[in-house]
Structure formats: structure tokens, C-alpha cells
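Chemist: can you look at this prediction? I've put the sequence above it.
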Amino acid sequence: MKFFKQISLIFILMILIAAPVTSLTVKLGSVVPAGSDWDLALKQMANDWQTITNGQVRVKLYAGGIAGSEENMIQKMRINQLDMAVLSAIGMNKIVPETFVLSLPFLMENDEEVQYMLDEVAPEFDSNFSEKGFEVLMWASTGWIRFFSRDKATTPDLLRRQKIGVDGTETEMMDAWKSLNFHVIPIGINDTLSGLQSGMIDAFYAPPMGAASYQWFALAPHMNEMPVSPLLGGIVISKRTWNRIPARYHEQLKQSVLNINSKFNQYSEEMNDEAVEVMLENGLQIDSITESEKIEWENLFDADYSAIVGPGKLIPSATLDMVNAKLGEYRAAQ
């Protein structure tokens, strides 16, 4: 009798092992325009996930902001209405505020430094995201933010004479610019054009492709050539969903996400370059700055960014110290 029980148990286990895993549909939200190159890259990633998992995981895309704003998408992931999202630095900051250290103005000087920081520093925050219930699948850079203004603003004092529109949800950036005596006006992205038309604001900061696509540059035709900060972002998935996917697929799935990173970078560079060319043909003026003016911009923030770094503030001092140490190591090796 015992022998037959053992045989029956082995038989049941064999059936369970052979049984296919129930398929999982992962809902991915993004504000990336449907049909854009970025959207096509995400669709390729979705196909890869289905192939890697032999059809066990299917990704359903909700592009163009259908799933809501970044804050909406984060909330939906927390209540299991969405599984995965493409976020800008603003969205990443909403989950782990100290990641804002990677977006500090004038901290990094070129693409090489940005990539180094994404490779060496961004992973330091993975455990923070995990504690908040998220898994980071990719960090990415999609260009540089620049100042656009109605009148020439090659120095901080010239920009202080104009009203800068800042997304009202970016309270940290608003506080930082206010602390430096800039005239900041809270305004939503969808209201920026009307704000420029009415004179409510005179300036804004954005990547060139944003200034061009929303036609903001027509009313703020001066672009300061000096990059302010990199436009960062990433792809995150809720840990609840990630843990439902068999662990044997995790490494390959993450690699497939990383594979589209180079495409994101390529598309971003191309789109920003094209945007500048189009704007130049339609009245944009790129204002060059002198070496002394560059130093003025770089000296805007003191060495420790005390407006937003320190006890009780957005970024702990230890976090900035760690970033500065890494950046110092990189520069010393060049």
C-alpha cells in the first residue's frame, strides 16, 4: 500500500510540473506618444517578454498617458490597477525622493558623466525602491534640460528678471529656485503655452524636443546653450507583479529592458537634434555664454546644495556626499 501511495505522489508531482503556468498580463503605462519610436521600442520589449517566457507573460501597453499622469500611474501600481510604468525623474522622485540628487542642476557636465552615474550610482537606490514595493528594471537618460526665455538670459541675473514657469507638482524644484531669488510661477504642462501667451510666465526649462513639440519656443525664443541637468527616467514594475513571474526568467527579462535603453538614447538624441534644427528655422536663437558667465551659473548652488540637501530636506547630506565621491573618482580617472 505504501508503495502505491509513493507512486501516486510521484505521478501527481509530475503532472504539476508538466502543467503550464497560468499566463500573466502585465499592464504597462507610459506618457510616451503612441506610435512614436519610443513606443515602438516598448512594443518590441513586450514581444521579447512573451518570447522569453514562452507566452506565460504578456505585456499590454497603455501609451500616450491613457493610464494617467506619472503620479496616477504610481498610485495605480500601488493598488494593483497597473503593473509597470515608464517614468521620468519626477516620477522616480515621487517613489524615492533622494533620487533627485541625480537631477541636481549643473552637477554633471556631459553625457559620459551621466552614463557613469546611471551605471554606478543609480543602482544604489534599488533597495530603496524595493522597500517601497517597486523593482527598477532600467534607468535611462533622454537628453538635457535647457532654459528657454522671452528675452536673452545668459546670466542668472538676467533670468531673475523673468518669470519662470515650473510644474506645480515639482515642489522641490520650486523651492530650490525660489531660494536663489528667481521669480517662479507654478504652472501645469498643459497651461504653459497659455501662460506664455498671457504673459503670466516668460521662461521655462525643458528638453529641446519638449519646447518644440509644444510650440513653447515661439513665445520664448531664446535658448541658453548651457545644459541645466540631464533628463532622467526609468522603467519600474511593482514587486507584487515581479514576484509572480517565475524567477528563472528575471535575468533575461531585465536584459530585454536594458536592450531598449540604447534605442531610447538614440531616439532622444535624434529627436532633440531635429527639434533644435526645426526651431532654428522658425526663429529660435541659441545664446552662447562666456566662460565667466558659465562660472556664474555653476556657482548658483553652493557646494552642498543647502537649499535642498541636509537634515529634514529632500536629499540627505550623505547621499550627496556619496554622489560627489563617485563623480570625483570618475573625473580623476579621465
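Modeler: Cool, the structure landed.
Chemist: what about residue 106, neighbour count?
Modeler: Neighbours of residue 106 under the rule other CB atoms under 10 Å: 16. Using the backbone N, CA and C atoms, a C-beta is placed for each residue, glycine as well.
Chemist: how near is the spatially closest residue to it that is not a sequence neighbour to residue 155?
Modeler: Leaving aside its chain neighbours, residue 106 sits nearest to residue 298 (5.2 Å; criterion: CB to CB, 6 or more residues apart in numbering). Separation of residue 298 from residue 155 (CB to CB, to the nearest Å) stands at 12 Å.
Chemist: neighbour count for those two, which is higher?
Modeler: Shown here are residue 298 and residue 155; by other CB under 10 Å, residue 155 has more neighbours (16 against 13).
Chemist: contact partners for that one?
Modeler: The neighbours of residue 155, taking CB atoms under 8 Å, 6 or more residues apart in numbering as the test, are 289, 293, 296, 297.
Chemist: of those residues, grab the buried ones for PyMOL.
Modeler: Buried residues within those, by 16 or more other CB atoms under 10 Å, are selected in PyMOL with:
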select buried, resi 289+293+297
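Chemist: so which of the contacts of residue 155 are in helices?
Modeler: Those of the contacts of residue 155 mapping onto helices are 293, 296, 297, per DSSP state H.
Chemist: and these, which is closest to residue 144?
Modeler: Checking those against residue 144 with CB to CB, the nearest one is residue 297 at 13.5 Å.
Chemist: would you mind measuring from that closest one to residue 160?
Modeler: For residue 297, the distance to residue 160 - CB to CB - is 12 Å.
Chemist: farthest-apart pair in the contacts of residue 155, please.
Modeler: 289 and 296, at 8.6 Å, using CB to CB across those.
Chemist: quick one, helices of the stretch 1-150 of the chain?
Modeler: When assigned using DSSP state H, counting those that start in this stretch, the helices of the stretch 1-150 of the chain occupy the ranges 2-18, 37-52, 70-78, 89-95, 111-120, 126-131.
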